[in-house]
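[1] next comes the sequence, and after it the predicted model I'd like to discuss.
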Amino acid sequence: MAGLLAARVASQFAAQVTLMERDHLPPDGRFRPGTPQARHVHGLLARGLNILNDLFPGFDADLDAAGIARVEWMWDTMQHVPTGWTPRYHSGIVSRPITRPLLEHLVRTRIRAIPNIRLRDGLEVTGLLLEDGRVHGVTMQSRPRSAGAPESLRADLVIDASGRASKSSEWLAEAGYGAPNETLIDAHMGYGTREYAMETRPPFDALLALPRPDDPRGGVLTVVEDGRWLMTLAGYGEEHHPPTDGDAFDAYARALPLEPLQNALAHARPVGPVYGYHRTANIFRHYERARLPAGFIVTGDAVCAFNPVYGQGMTASAIAAETLHHTLLRHDARDPAFPANFQPALARAVADAWLMATSEDLRYEHAIGGPANLKTRVQHGALDILFQAVPVSPKVSKALLETLHMLRSPLGLFTPDVLAAFGVGMLKRLARPPQANDAVEAGGGDDIATRVEGGL
Ligand SMILES: Cc1cc2nc3c(=O)[nH]c(=O)nc-3n(C[C@H](O)[C@H](O)[C@H](O)COP(=O)(O)OP(=O)(O)OC[C@H]3O[C@@H](n4cnc5c(N)ncnc54)[C@H](O)[C@@H]3O)c2cc1C
């Protein structure tokens, strides 16, 4: 995804862009092995969707044509946070629930229509052509190897968007540049995903439950294209990883204390195996502090990969494409200082997402990269206090939702209007403490509709 979006931006500045993909790409939105994470629910945050619409005008219409629903958060979805169910209200924040392979296919279809982008698949990049302090291109090998002899391609700018398993740091180290320093924060989150057919449609388009240290299991059940339903479950710490055996996975789901989820699952029939995934550590490769050759930059998960539980990765790749656009507007890609202009700008652009993912992961005592420092503990405390008002205050809930969708920075949560709403919410909460059936009643504010009409 980072590569597709970077290619779109580069095509506005370069005579020719060549995009190399190791996999042989399927003609439609089918799963392929190079992105194993694509089996799992991939939420596209509102900020990411906005950027896709900027990069590909009319992209929303492509989604409509593919039959993808428009889902308004908090009206069409249910969300369980550490302090209870969020209220039901119109947030105006719209998502398009689509599987990752289909989303990628729709983006790639737009890319194929750009005349100066050449997409070459079945071709693995095997190294950098590095000489005299500049990357002049890459070496490549067909897949399978028997399909062709090694080749090379020369370019003014090489962009590595090869994901978490990027080899750039190794290649740079071998060439004497030194690998970039890495920050690793790993709370050992495990994922499991299964598809279901719904005999009765649930009264929501998506239900999301966030894990928390005293119950580190959560997940999402969401509609996607063609009326299919995907359930991704996730648990912090190996003992809480969802099992990959079908019956055990369903039993894990049935043990989650979420009544609306249980009601939905009572009418759900599994239609496929369970897929597991455990490479979920947050990794920040600090290219912004590294000495880099001219003509070479790194983007997407290859720079900063997140624990996916907050659904930030594709949006961070879109933000990276925006950053590339801003950098190319100001600097020539051939300028030796170009990497030193782009990488720090990218590091700043993804800093909020990194802060959100890692500070939440540091709540778990077993997390590698911990323990949380004083600043992070203060953040935890502030968020914990704010969350108290979420079940009763749409305003506070919406501010947090905007932060989750990267429309508002975490620091922007503490504005006078949010704090005032927090005060009102807490007074309401004192007047009416949370009830056991709040999932059904969904809140208690005047401007909150109840879920009863939804048939729960
Ligand atoms: C379990 C899981 C769930 C996730 N859920 C979400 C979510 O809900 N929302 C969200 O926004 N993000 C989610 N993500 C993150 C998201 O998948 C990535 O952040 C996003 O795809 C951007 O990654 P990327 O494009 O940098 O790398 P990738 O998507 O991994 O793509 C890298 C590409 O490079 C190719 N490649 C690799 N090496 C070479 C080579 N040497 N030569 C040629 N090609 C090569 C690969 O085949 C692949 O196509 C999730 C991730 C995981 C692991």
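    Thanks, I have it. Numbering: from 1, shown residues only.
[2] for the stretch 1-150 of the chain, just list every one of the strands.
    For the stretch 1-150 of the chain, the strands defined by DSSP state E, counting those that start in this stretch occupy 17-21, 71-72, 77-81, 84-85, 94-95, 117-121, 123-131, 134-142.
[3] who's in contact with the residue of the stretch 251-400 of the chain at minimum distance from the ligand?
    Closest to the ligand within the stretch 251-400 of the chain is residue 313: 2.0 Å, counting by CB to the nearest ligand atom. For every residue, glycine as well, the C-beta is placed using N, CA and C. Applying CB atoms under 8 Å, 6 or more residues apart in numbering to residue 313 gives the contacts 1, 300, 301, 305, 306.
[4] what separation do you get for the last one and residue 164?
    In this structure, residue 306 and residue 164 are separated by 10 Å, where distance is defined by CB to CB, to the nearest Å.
[5] of the two, who's got more company?
    Per other CB atoms under 10 Å, whichever of residue 306 and residue 164 has more neighbours is residue 306, with 25 against 16.
[6] let me know the pLDDT of the closest residue to the more buried one other than its chain neighbours.
    What sits nearest to residue 306 in space, not counting adjacent residues and going by CB to CB, 6 or more residues apart in numbering, is residue 357, at 4.3 Å. pLDDT for residue 357: 90.
[7] is it true that residue 357 touches residue 282?
    Yes: the pair residue 357 / residue 282 is scored as a contact, 5.5 Å apart, by CB atoms under 8 Å.
[8] still on that earlier bit, the contacts of residue 313 also near the ligand: which ones?
    Taking CB under 6 Å from any ligand atom as the test, the ligand is in contact with 1, 300, 301 out of those.
[9] and the last one, how many neighbours?
    Yep, that's residue 301 we're talking about. Residues lying near residue 301 (other CB under 10 Å) number 24.
[10] list phi and psi for it.
    When read as degrees, to the nearest 10, the backbone of residue 301 gives phi -60, psi -20.
[11] can you name the residue of the stretch 1-150 of the chain nearest to the ligand?
    residue 34 (2.3 Å).
[12] find the nearest non-adjacent residue to that residue, please.
    residue 23 (4.0 Å).
[13] residues contacting the one you found?
    Residues in contact with residue 23 (CB under 8 Å, 6+ apart) are 32, 33, 34, 121, 122, 143.
[14] just the helices in the stretch 101-250 of the chain please.
    Using DSSP state H, counting those that start in this stretch, the helices found in the stretch 101-250 of the chain span residues 168-174, 246-254.
[15] list the buried residues for the biggest helix by length in the chain?
    The helix that spans the most residues within the chain, counting by DSSP state H, is helix 313-330. For helix 313-330, a neighbour-count test (16 or more other CB atoms under 10 Å) marks 313-325, 327-328 as buried.
[16] quick check, nearest of those residues to residue 160?
    Among those, residue 320 lies closest to residue 160 (CB to CB), at 11.6 Å.
[17] shouldn't residue 49 be in contact with residue 96?
    Yes: at 6.5 Å, residue 49 and residue 96 qualify as touching, with contact defined as CB under 8 Å.
[18] between the two, which contacts overlap?
    Listed contacts common to residue 49 and residue 96 are residue 60; contacts here mean CB under 8 Å, 6+ apart.
[19] list the residues that contact the residue of the stretch 1-150 of the chain closest to the ligand.
    By CB under 8 Å, 6+ apart, the contact set of residue 34 is 21, 22, 23.
[20] still on that earlier bit, what sits in contact with each of residue 357 and residue 282?
    306, 307.
[21] related to what we said a few turns ago, distance-wise, check the residue of the stretch 1-150 of the chain closest to the ligand relative to residue 65.
    In this view, residue 34 and residue 65 are 26 Å apart by CB to CB.
[22] could you single out the most deeply buried of the helices of the stretch 101-250 of the chain?
    Comparing those by mean neighbour count (mean count of other CB atoms under 10 Å), helix 168-174 ranks first with a mean of 18.
[23] which residues does that helix contact?
    By CB under 8 Å, 6+ apart, helix 168-174 touches 127-128, 130, 160, 162, 178-180, 182, 285, 290, 292-293, 298, 302.
[24] please list which of these also come close to the ligand.
    Among these, the residues that sit close to the ligand (CB under 6 Å from any ligand atom) are 162, 302.
[25] drop anything exposed from the contacts of helix 168-174.
    Using 16+ other CB under 10 Å, the buried members of the contacts of helix 168-174 are 127, 128, 130, 160, 162, 180, 285, 290, 292, 293, 298, 302.
[26] now for residue 129: which residues touch it?
    Neighbour list for residue 129: 135, 136, 137, 138, 139, 152, 154 [criterion: CB under 8 Å, 6+ apart].
[27] how about the closest residue to residue 180 other than its chain neighbours, phi and psi?
    Of all residues not flanking residue 180 in the chain, residue 290 sits nearest, at 3.9 Å (CB to CB, 6+ apart). With angles defined as degrees, to the nearest 10, residue 290 sits at phi -90, psi 160.
[28] my guess is residue 290 contacts residue 177. True?
    Yes: with contact defined as CB under 8 Å, residue 290 and residue 177 form a contacting pair (7.2 Å).
[29] rewinding a little: show the model's pLDDT score for the residue nearest to residue 180.
    Predicted confidence (pLDDT) for residue 290: 96.
[30] now do the one 10 residues further on
    Among the per-residue scores, residue 300 shows a pLDDT of 98.
[31] to what extent is it buried, counted in neighbours?
    Neighbourhood size, residue 300 [other CB under 10 Å]: 29.
[32] then residue 84?
    Close neighbours of residue 84, defined as other CB under 10 Å, add up to 20.
[33] got it, and residue 269?
    11.
[34] got it, and residue 412?
    13.
[35] how much space separates the closest residue in space to it that isn't next to it in sequence from the ligand?
    Excluding its sequence neighbours, the residue lying closest to residue 412 (CB to CB, 6+ apart) is residue 403, at 7.3 Å. Residue 403 is 15 Å from the ligand, where distance means CB to the nearest ligand atom, to the nearest Å.
[36] Provide a list of residue ranges in the protein with pLDDT below threshold.
    For the chain, applying pLDDT under 70 flags the ranges 433-456.
[37] domain map for it?
    2-42+99-185+281-353, 189-277, 374-454 (automatic domain parsing).
[38] for residue 81, see how far away residue 404 is.
    Distance, residue 404 to residue 81, using CB to CB: 10 Å.
[39] residue 288 now?
    Here residue 288 is placed at a distance of 33 Å from residue 81 (CB to CB).
[40] export the contacts of residue 129 to CSV and tack on neighbour count and distance to the ligand?
    Shown next, in CSV, are these (neighbours: other CB atoms under 10 Å; distance: CB to the nearest ligand atom, whole Å):
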residue, neighbour count, distance to the ligand
135, 26, 15
136, 19, 17
137, 20, 14
138, 23, 8
139, 14, 10
152, 12, 13
154, 10, 17
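[41] give the contact list for residue 305.
    Residue 305 makes contact with 163, 164, 281, 282, 283, 313, according to CB under 8 Å, 6+ apart.
[42] run the last query once more with 6 Å
    With contact taken as CB atoms under 6 Å, 6 or more residues apart in numbering, residue 305 is in contact with 164, 283.
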